[in-house]
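K.L.:
sequence and predicted structure below; questions after.
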Amino acid sequence: MTKYTTIAGDMWDGIAYKTLGDEAYTDRLMKLNPQYRRTFVFPAGITLTVPEPETRVSSDLPPWKRGTAE
């Protein structure tokens, strides 16, 4: 896991997008930082724990490119 230090005006979804590339990680980010769950707009200087991104494998790829056997 990595750390992220907020800048004034950061919001959960923006932090998820900046650090992980997708707003879909917002829930995981919030669960790792429950002490700030009621914060909607962050001040500068808050250090948050950022989860590792999940590796997503497209089902459109053939099995040998997915790294899995079917």
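P.N.:
Structure received.
K.L.:
stretch 41-52: end-to-end distance?
P.N.:
Counting by Cα to Cα, to the nearest Å, you get 23 Å between the two ends of stretch 41-52.
K.L.:
neighbouring contacts of it?
P.N.:
1-11, 15, 19-20, 25, 28-29, 32-33, 36, 39 (Cβ atoms under 8 Å, 6 or more residues apart in numbering). All C-beta atoms are positioned from the backbone trio N, CA, C, and that covers glycine.
K.L.:
so how far is the longest helix along the chain from its chain's centroid?
P.N.:
When the chain is parsed with DSSP state H, its longest helix is helix 12-20. Taking Cα atoms, centre = their mean, to the nearest Å, one finds helix 12-20 lying 6 Å from the centre of the chain it belongs to.
K.L.:
can you check stretch 16-36 too?
P.N.:
With Cα atoms, centre = their mean as the basis, stretch 16-36 stands 4 Å off its chain's centre.
K.L.:
which residues does it contact?
P.N.:
Taking Cβ under 8 Å, 6+ apart as the rule, stretch 16-36 contacts 1-2, 4, 12-13, 15, 37, 42, 46, 48-51, 53.
K.L.:
just to revisit the earlier point, list the buried residues in whichever helix or strand comes after the longest helix of the chain.
P.N.:
As assigned by DSSP states H and E, the chain's next helix or strand after helix 12-20 is helix 26-32. By 16 or more other Cβ atoms under 10 Å, the buried positions in helix 26-32 come out as 26, 28, 29, 30.
K.L.:
top of the contacts of stretch 16-36 by neighbour count?
P.N.:
In terms of neighbours by other Cβ atoms under 10 Å, the contacts of stretch 16-36 top out with residue 15 at 23 neighbours.
K.L.:
quick one: pLDDT of that residue?
P.N.:
Looking at residue 15, its pLDDT reads 98.
K.L.:
ok, now which ones touch it?
P.N.:
So residue 15 contacts 4, 6, 29, 42, 48, 50 (Cβ under 8 Å, 6+ apart).
K.L.:
pLDDT wise, what is residue 60 at?
P.N.:
70.
K.L.:
secondary structure element for it?
P.N.:
Going by DSSP H and E, residue 60 is not in any helix or strand.
K.L.:
ok, it - contacts?
P.N.:
No contacts exist for residue 60 under Cβ under 8 Å, 6+ apart.
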